[in-house]
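Student: Predicted coordinates and the sequence they were generated for:
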Amino acid sequence: MDDPFYLFMHIPKTAGTTLRSIVDEQYGARNVLTYYNQNSRQLLDNLDATLQVGRHDYKTLIGHFQYGVHSSLTRLAKYITFLRDPVARAISSYYENAKRMSPAVVDQDGELMTLEDCLSKREEFFANQQLKMIIGKGAMEPVKPRDLETARDNIYHDFIFTGITEYFDASILLLSRMIGWRPCTYGRLNAKPNTKRLSDSDFLQLQHINYFENCLYEEALSSLLSDMRDGGDVFDHALKELSESTTKTAVSEITEAQLLTSNNIKITSFLRDP
């Protein structure tokens, strides 16, 4: 049976840039469709026709798109995504938007707003954004309790893997075995740790407004940790070997993903383990 067409939903600030490097290495960049910063939905609207033309052996689409892309496809498609702690992701999103002077964090006079001001005036922009992408809801639309159930249903039926950014190496190992990826190492792209202190009031507000998303995140985290435990010693040894490899890659300042050699016995053993 042929593999499904993979829809890598890159939720902003969830290590998606690193994941994209890995996807490119696994399939070859020419076989990967990307949806970033497009001015229109043309690629998404014409995706089925693009896949049927057959000029390239497209394996996947990766980018900032929401749930629903699969509905117009005539071939089987499955989503893959990564979730991040909602408060940490929202903070990272603020500083990324501030760096670009995005309208989301700029006031009417063109001045950059503080995170506190943003939470006062544009709270919805920092609330449940991961959940909204998983249900296909607009960034400024409020989330209702039933939306959490919709997200759970979507993940159950249409997502074959939901990784966790804070456990990126472990997630990559489990995903690799699931979809037949070859062992690889990678650097951390676009990874800039936030060192600024968040006020207690801002932290509590971000927790409160991301309550539904945090429920989804905790469930995905629990599932991942369970899969890690089920992997046993074989998984633990493979994870240690991969972490050592990615650390060396970071020290050597290599950023793009690279296939590992057959010398990485523990990783190879885990990926071949049925």
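Tutor: Here it is on my side, so go on. Residues are numbered from 1 along each chain as shown.
Student: CA atoms for contacts and neighbours, from now on please.
Tutor: Will do.
Student: how far away is residue 201 from residue 115?
Tutor: Residue 201 sits 11 Å away from residue 115, going by Cα to Cα, to the nearest Å.
Student: hmm, I was thinking of residue 17
Tutor: Relative to residue 115, residue 17 is positioned 24 Å away (Cα to Cα).
Student: follow-up on the earlier one: can you pick out the residue with more neighbours from residue 201 and residue 115?
Tutor: Between residue 201 and residue 115, counted using other Cα atoms under 10 Å, residue 115 has the larger neighbour count: 21 against 10.
Student: Quick check: phi and psi at residue 181.
Tutor: Here the main-chain torsion angles of residue 181 (degrees, to the nearest 10) amount to phi -80, psi 150.
Student: One more: residue 32?
Tutor: Note on residue 32: its backbone torsions stand at phi -120, psi 120 [degrees, to the nearest 10].
Student: all helices for the stretch 51-200 of the chain, in order.
Tutor: In order along the chain, the stretch 51-200 of the chain carries the following helices (DSSP state H, counting those that start in this stretch): 86-99, 115-121, 129-135, 145-158, 168-179, 200-209.
Student: okay, the ones you listed, which one's buried deepest?
Tutor: Burial among these, expressed as mean neighbours by mean count of other Cα atoms under 10 Å, is greatest for helix 129-135, which shows a mean of 24.
Student: Could I get the CA-only coordinates of that helix as CSV?
Tutor: Coordinates of the C-alpha atoms in helix 129-135 are reproduced here as CSV (Å, rounded to 0.1, in the frame of the first residue of the first chain):
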residue,chain,number,x,y,z
GLN,A,129,-3.4,29.5,18.2
GLN,A,130,-2.3,25.9,17.9
LEU,A,131,-5.7,24.6,18.6
LYS,A,132,-7.2,27.0,16.1
MET,A,133,-4.9,25.7,13.3
ILE,A,134,-5.9,22.2,14.1
ILE,A,135,-9.6,23.0,13.7
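Student: Counting by contacts, list what it packs against.
Tutor: Taking 3 or more Cα pairs under 8 Å, 6 or more residues apart in numbering; DSSP states H and E as the contact definition, the neighbouring helices and strands of helix 129-135 are helix 145-158, helix 211-230.
Student: Let me have the ones you listed in CSV, adding mean pLDDT as columns.
Tutor: Listed next are those as CSV, based on pLDDT from 0 to 100:
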stretch, mean pLDDT
helix 145-158, 98
helix 211-230, 98
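Student: closest one to residue 12 among these?
Tutor: Distances from residue 12 to each of the helices and strands packed on helix 129-135 were compared by Cα to Cα, and the smallest falls on helix 211-230, at 14.6 Å.
Student: List the residues that contact residue 264.
Tutor: When contacts are counted by Cα atoms under 8 Å, 6 or more residues apart in numbering, residue 264 is found next to residue 241.
Student: what sits against the residue nearest to residue 90 when sequence neighbours are not counted?
Tutor: Of all residues beyond its chain neighbours, the one nearest residue 90 is residue 126 (5.6 Å), with distances taken as Cα to Cα, 6 or more residues apart in numbering. Residue 126 sits next to 90, 93, 119, 206, 209, 210 when contact means Cα under 8 Å, 6+ apart.
Student: Of those, which pair is most distant in space?
Tutor: For those, the farthest-apart pair by Cα to Cα is 93 and 209; their separation is 14.9 Å.
Student: which regions of this structure lie under the pLDDT threshold?
Tutor: Applying pLDDT under 70 to the chain flags the ranges 1, 54, 189-196, 274.
Student: Now the residue lying farthest from the centre of the chain: phi and psi?
Tutor: In the chain, the greatest distance from the average C-alpha position (Cα atoms, centre = their mean) is reached by residue 109, at 33.8 Å. Here is the backbone geometry of residue 109 (degrees, to the nearest 10): phi -90, psi 0.
Student: I am finished for the moment; much appreciated.
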